[in-house]
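Trainee: One predicted model, sequence on top.
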Amino acid sequence: MASAQQLIGLVKSHAEGDATRFYDLAIQLAAAEDQKGHKRLAEQLRTWAEAGQAPAKTLKAKPTPIVAPRGDMAGLLSANYPSTRISDLIISVHLEDELRHIVDETRMTEALEEKGLRPRRRLLLSGPPGTGKTMSASALAGELKFPVFTVLLHGLITKYMGETAQKLRMIFDAVRTTRGVYLFDEIDALAATRGSENDAGEARRILNSFLQFLDEDTGPSIIVATTNLPAILDRAILRRFDLVLPYELPHGDAIEKAMRRRLIGFDVSAVDWSQVSALADGLSTADVIAASEDAARRAVLAQSEKIETAAIEASLQRRRSLQDIGGNLDGERPAALHSKRSRPKQKL
Ligand SMILES: Nc1ncnc2c1ncn2[C@@H]1O[C@H](COP(=O)(O)OP(=O)(O)OP(=O)(O)O)[C@@H](O)[C@H]1O
Ligand SMILES: [Mg+2]
């Protein structure tokens, strides 16, 4: 339950008409209850806190400033304001808990800092393509109502290494001054430059300055890096992150859940999900969702609301053939680096 101080703060902020303080305290209470495992209570507190905030916002008519990178920054960062939520993700219970914890820690920064603690803000998400890494960055931002600033790595890595380091500095200045989720998507592009033949010394310096900026950063933003190739990230990189989250290919329940969600509005009562899941094994969540959309489109064209097992299987098969073509074009499929055998069973 809430502490006496929290209750007094809540009533006081209400009496003083301090809607922002009231909202912050209510959200902190929700986060604390969440941590104690009182999920329903936490959700109710959040819902009411947010419901109470809406009219206050309209009254003040003070829109959230939309920050759009300008000038040199425009080529380095792209901004968006996602409405994605953690509940939109189909991930293991463990990953979901970790993401919710990060959100709660950020919400309770003040309380943590009072005790000399800092919220964890540097995350590395690793795993095969199409498993929800980029989407998770959006979900963190959506929960916190932060913008996502995606770092455009191709704009960052130039042939002039000195320039790259300077650009990196500009990005980290923004991390410090403009609160948001900063997404370094497919960070392996940066790490891979290390061993490259063209001026490996300079490339090494860039990676080192990235790591140093990561080390030095104490700002209010969350930094999310993603990779498909965890094997090329060495310990020096890994230890700079507060949390490393492994994303997995879906199987069993996760496949069924992803497909059912995409097939809402269709009659799937006759689908044999265990057969479908077996056939979808090895495909990513993105693939499984795309296969559901394929089956749904075909049902619409056939003017039918009913989807049978065979139709889903055919869509999955089409998806798999596409993936195989992709694999042959790439030479080596990144997903192959994530051994299926070492995959822990996913709990949902
Ligand atoms: N775990 C998931 N839960 C729900 N939807 C997902 C999930 N994974 C993927 N998707 C769907 O697939 C799309 C692509 O996923 P996302 O971009 O997050 O994958 P990724 O892991 O970042 O892949 P990559 O390594 O190729 O960048 C998402 O926009 C979403 O529609
Ligand atoms: Mg991605």
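Mentor: Noted; the coordinates are in hand. Numbering: from 1, shown residues only. Ligands and ions are numbered 1, 2, ... in the order given.
Trainee: pLDDT score for whichever residue of the stretch 101-250 of the chain sits closest to ligand 2?
Mentor: Ligand 2 sits closest to residue 134 of the stretch 101-250 of the chain, with a gap of 3.2 Å, by CB to the ion. C-beta here means a position set from N, CA and C on the backbone, and glycine is covered the same way. Here, the pLDDT recorded for residue 134 equals 96.
Trainee: mind checking how far it is from residue 209?
Mentor: Distance of residue 134 to residue 209, computed by CB to CB, to the nearest Å: 24 Å.
Trainee: quick revisit: may I have the helix or strand containing the residue of the stretch 101-250 of the chain closest to ligand 2 exported as PDB, CA atoms only?
Mentor: Element membership of residue 134 [criterion: DSSP states H and E] is helix 133-144. The C-alpha coordinates for helix 133-144 follow below in PDB (Å, rounded to 0.1, in the frame of the first residue of the first chain):
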ATOM      1  CA  LYS A 133      13.400  -5.100 -31.000                       C
ATOM      2  CA  THR A 134      12.600  -1.800 -32.800                       C
ATOM      3  CA  MET A 135       9.000  -2.100 -31.800                       C
ATOM      4  CA  SER A 136      10.100  -2.400 -28.100                       C
ATOM      5  CA  ALA A 137      11.900   0.900 -28.300                       C
ATOM      6  CA  SER A 138       8.600   2.400 -29.600                       C
ATOM      7  CA  ALA A 139       6.700   0.700 -26.800                       C
ATOM      8  CA  LEU A 140       9.000   2.200 -24.100                       C
ATOM      9  CA  ALA A 141       8.500   5.600 -25.700                       C
ATOM     10  CA  GLY A 142       4.700   5.100 -26.000                       C
ATOM     11  CA  GLU A 143       4.400   4.100 -22.300                       C
ATOM     12  CA  LEU A 144       6.500   7.100 -21.200                       C
END
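Trainee: Can you pull up the most central residue in the protein?
Mentor: Centroid-nearest residue in the chain, with CA atoms, centre = their mean: residue 136, separated by 1.5 Å.
Trainee: for that residue, what are its contacts?
Mentor: Neighbouring residues of residue 136 by CB atoms under 8 Å, 6 or more residues apart in numbering: 86, 89, 91, 95, 99, 125, 224, 245, 247.
Trainee: What ranges in the stretch 101-250 of the chain fall below the confidence cut-off?
Mentor: For the stretch 101-250 of the chain, residues meeting the criterion pLDDT under 70 lie at 158-161, 190-205, 232.
Trainee: Now do the strands in it.
Mentor: Ranges of strands in the stretch 101-250 of the chain, per DSSP state E, counting those that start in this stretch, are 122-126, 148-151, 181-184, 222-227, 243-246.
Trainee: would you list these in JSON lines and tack on distance to residue 273?
Mentor: Shown next, in JSON lines, are these (distance: least, CB to CB, whole Å):
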{"stretch": "strand 122-126", "distance to residue 273": "28"}
{"stretch": "strand 148-151", "distance to residue 273": "34"}
{"stretch": "strand 181-184", "distance to residue 273": "34"}
{"stretch": "strand 222-227", "distance to residue 273": "30"}
{"stretch": "strand 243-246", "distance to residue 273": "25"}
